[in-house]
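Enquirer: Sequence and predicted structure are below.
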Amino acid sequence: MNKIETICIINDDGVYAFIVKKSIIKLSICNQVTTFINGEDAINSIKNNLNNLNNLNDLPDIILLDINMPVMDGWEFLNEFEALNIEKKIAIYLISAHISEEDNLKANNNVLISGVLEDPTETDTLLRITGNVLAE
């Protein structure tokens, strides 16, 4: 099976991030998993990588983005991310235990978002989304 190069988890729930990271490693669906506890740390890392990279392939292929986080939430992250005008296609999945109808509508109208997933992310869901990215 082909592998995704990098999956990035942006979630302030350390237990959730740990479980998802372990599941990804166990499934052997990617070569690297990065984690951030808020959108600001993640966007700063992406900006730093853009400034230091010769190759857009070093950016994540999939981002699992929590909506509700301190410092910078998922929506603020998406605004900053969109302003970067990254040419690489990065699949961004919003993660939330309780997604509101407003957030769901907002997500459906945002071209950056590949889908919305409820917590916790199941093994079959991880396999499906990586399969979708590999098929593109």
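Expert: Structure received. Note that the structure is a prediction, hence the values are computed from the model and not measured.

Enquirer: make it CA atoms for all contacts and neighbour counts henceforth
Expert: Fine.

Enquirer: Around residue 6, how many other residues sit close by?
Expert: Residues contacting residue 6 under the criterion other C-alpha atoms under 10 Å number 19.

Enquirer: give me the beta-bridge partners of it?
Expert: residue 32 (DSSP bridges).

Enquirer: Next, residue 57: secondary structure please.
Expert: Following DSSP: H, G, I helix; E, B strand; the rest coil, residue 57 is assigned to helix.

Enquirer: quick one, phi/psi of the closest residue in space to it that isn't next to it in sequence?
Expert: Spatial nearest neighbour of residue 57, chain neighbours left out: residue 88 (7.5 Å); criterion: C-alpha to C-alpha, 6 or more residues apart in numbering. Backbone torsions of residue 88, given as degrees, to the nearest 10, read phi -70, psi 140.

Enquirer: residues in contact with residue 44?
Expert: Counting by C-alpha atoms under 8 Å, 6 or more residues apart in numbering, residue 44 touches no other residue.

Enquirer: That one: which element?
Expert: Remark: residue 44 resides in helix 39-52, with elements defined by DSSP states H and E.

Enquirer: ok now that helix, how far from the chain's centre?
Expert: 13 Å (C-alpha atoms, centre = their mean, to the nearest Å).

Enquirer: in it, what's buried?
Expert: Within helix 39-52, the residues that count as buried by 16 or more other C-alpha atoms under 10 Å are 39, 40, 41, 42, 43, 46, 50.

Enquirer: Likewise for stretch 62-74?
Expert: Buried residues in stretch 62-74, counted by 16+ other C-alpha under 10 Å: 62, 63, 64, 65, 66, 67, 68, 69, 72, 73, 74.

Enquirer: Tell me the predicted confidence for the third one.
Expert: In other words, residue 64. Looking at residue 64, its pLDDT is 95.

Enquirer: List the pairing partners of the helix or strand containing it within its sheet, with orientation.
Expert: Assigned by DSSP H and E, residue 64 belongs to strand 62-66. Its sheet considered, strand 62-66 pairs with strand 4-10 (parallel), strand 91-96 (parallel) by DSSP bridges.
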